[in-house]
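Colleague: model the following, please.
(one chain, ligands or ions: 1)
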Amino acid sequence: MALNTIVVIVSTSALHHGIRPDRRAASAPQLSRRDFAGLALGCGCWACAAPTADALAALAPPPLELQSKFDLPRDKMKDAGFAYGMSVGMVDYEAAVAPSKKELFAKMLSALPARTDALVVELGMGSFPNAPYYQASRAPLDIVGVDPNDSMAFFAKQSAAPLLKAGSSVRVTHGVGEALPFADSTADAVVCTLTLCSVPSPELALAEVRRVLKPGGQFLFLEHVLSETDPNLAAAQQKLNPKQVARADGCNLNRRTLETIRAAGFASVDAKYFELSDFLYLNPTVAGIARA
Ligand SMILES: C[S@@+](CC[C@H](N)C(=O)[O-])C[C@H]1O[C@@H](n2cnc3c(N)ncnc32)[C@H](O)[C@@H]1O
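Modeller: Down below sits the predicted model:
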């Protein structure tokens, strides 16, 4: 089956709302007010996310009880603003974490089955800053991003363009980590960068990651966390946390994410804690690969 599909729910709805993604620059997208309104109005409904004939792994209805608890109505204007901000405002941060991501992705990709249909789920795909790292894959991949902010897909599609050219499939579907739209044991890998800080329940999201991963499947993560080495910084992170949660789409500065991952029941967790130097509250970082 051809592996060059992209089924992006917001690009679909964006077309409905008059956005023409193909006329956008691949980097540093500029949004008109009309585009911004279109992003905010993206419908993100389940029907729009239905796999097309070219789709590989079938999406499945998420666990309904969890979906109704965690996939709540969102402020579309705020989502549009946050999506735009993430798409243009993380250049320096991404450069700083690039060596770690490069190493982790190389490790993950080399351990994926060398088939053309390996399924990789991106939890909270955002604007898809991880896209360049998939280019080292030995075979085309079936990549599915799950994100509750429907405005992200417009930017994710732009990031995905080189991967599509190289033969991979990239889809983005509306959803939340706490209720993933996949059947049990279907994913070869789940990737999660800067998302466990934002999900309302990291514990439930990780339980979902374990549910959808095949036995031995990989969970690649890179997350900012509460400082383990600097009590003053940790205190400042705690103090600032309520403001950060309110203004940065639920992003928490005070999570002990590696502890949560270690407690989640993975067969193994290979991870490290390290500190970036230029990002203050976002310096303390954990990154690694867990195996289901
Ligand atoms: C800080 S952004 C990170 C995006 C991207 N992974 C990256 O590395 O830039 C956090 C992302 O998590 C998404 N998100 C928020 N709540 C979520 C949830 N419950 N489940 C999955 N994703 C969620 C947001 O919409 C956003 O795209």
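
Colleague: mind listing what residue 263 touches?
Modeller: Counting by Cβ atoms under 8 Å, 6 or more residues apart in numbering, residue 263 touches residue 203. C-beta: built from backbone N, CA, C; applies to glycine.

Colleague: if you could redo that for residue 60, that was the one I meant.
Modeller: 181, 182, 183, 186.

Colleague: how about a cut-off of 10 Å?
Modeller: 180, 181, 182, 183, 184, 186, 212 (Cβ atoms under 10 Å, 6 or more residues apart in numbering).

Colleague: can you lay out the residues you listed as CSV showing distance to the ligand, pLDDT and neighbour count?
Modeller: Converted to CSV, those look like this (distance: Cβ to the nearest ligand atom, whole Å; pLDDT from 0 to 100; neighbours: other Cβ atoms under 10 Å):
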residue, distance to the ligand, pLDDT, neighbour count
180, 9, 98, 28
181, 11, 98, 23
182, 13, 98, 24
183, 18, 98, 14
184, 19, 98, 11
186, 17, 97, 18
212, 13, 98, 23
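
Colleague: which pair of these spans the longest distance?
Modeller: 181 and 184 (12.3 Å; Cβ to Cβ).

Colleague: spatially central residue in this protein, please.
Modeller: residue 125 (2.4 Å; Cα atoms, centre = their mean).

Colleague: what's the overlap in contacts for residue 181 and residue 184?
Modeller: The contact lists of residue 181 and residue 184 share 60, 212, where a contact means Cβ under 10 Å, 6+ apart.

Colleague: hmm, back to that, so the residue lying closest to the residue nearest to the centre of the chain once chain neighbours are set aside: helix, strand or coil?
Modeller: Closest residue to residue 125 apart from its sequence neighbours, by Cβ to Cβ, 6 or more residues apart in numbering: residue 145 at 2.7 Å. Judged by DSSP: H, G, I helix; E, B strand; the rest coil, the three-state class of residue 145 is strand.

Colleague: offset the numbering so it begins at 31, please.
Modeller: Will do, 31 is the new start, and the previous item becomes residue 175.

Colleague: surely residue 315 meets residue 130?
Modeller: Yes: with contact defined as Cβ atoms under 10 Å, residue 315 reaches residue 130; the gap is 7.6 Å.

Colleague: those two - which one has more neighbours?
Modeller: residue 315 (21 against 17; other Cβ atoms under 10 Å).
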